[in-house]
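Chemist: Dropping the sequence and predicted coords here.
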Amino acid sequence: MKLIILDRDGVINHDSDAFVKSPDEWIALPGSLQAIARLSQADWTVVVASNQSGLGRGLFDMATLTAIHAKMRREVAVAGGAIDAIFICPHLPDEGCDCRKPLPGMYRQIATRYDVDLAGVPAVGDSLRDLQACAAMGCVPWLVKTGNGIKTMAKGGLPEGTRVADDLAAVVDVLLGEA
């Protein structure tokens, strides 16, 4: 199985310091839906792993998050792709869970769900915590310059082996070129 793990906000859609709190606020980044479609059409399994502390903060409820994800899946499907699963951490940063990135709990859940070792699996994020979580499980971290990516790159301290690309479409260009 060819598996890829994507962060949501800042990788697939525009991020917001005020959180994406409704389907109307979820707006795909240019080229991201087509990039996911290209992966799907090349028999990749696309999984999303996303911190969603807006749930714990009471900014939106699970029904709203489900509606946001339904919109994302619909738009990906219209582009010709599919997202196989979405993993979320609903917890606040100080709740001490192991699923909130930068901890690797969500990635462990993905490994269990698909019964795979994540060593070498590409994982795409726009923040240091995305890269730290995936690197802890042996994934190949990819930093995109969309979302918080440029700020993340400027701060430095990226996990060893981090690859950098302009956006998700550029990551997919490389991955499909290497296949």
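Modeler: In hand now; what should we look at?

Chemist: check contacts around Ala79.
Modeler: 33-34, 36-37 (CB atoms under 8 Å, 6 or more residues apart in numbering). Glycine gets a C-beta too; all of them are placed from N, C-alpha and C.

Chemist: biggest separation within the residues you listed, which pair?
Modeler: Based on CB to CB, the longest span within the contacts of Ala79 runs between Gln34 and Ile36 and measures 7.4 Å.

Chemist: And for the longest strand along the chain, what's in contact with it?
Modeler: Ranked by residue count, the top strand of the chain under DSSP state E comes out as strand 44-51. Residues outside strand 44-51 that contact it (CB under 8 Å, 6+ apart): 1-9, 12, 36, 39-40, 81-89, 100-101, 106-107, 110, 114, 123, 129, 133, 175.

Chemist: Regarding Gly138, what is its secondary structure?
Modeler: Secondary structure assignment for Gly138 (DSSP: H, G, I helix; E, B strand; the rest coil): coil.

Chemist: For the closest residue to it other than its chain neighbours, what is the enclosing helix or strand?
Modeler: Once its chain neighbours are removed from consideration, Gly138 has its nearest residue in Ala119; the separation is 3.7 Å (CB to CB, 6 or more residues apart in numbering). Applying DSSP states H and E as the criterion places Ala119 outside every helix and strand.
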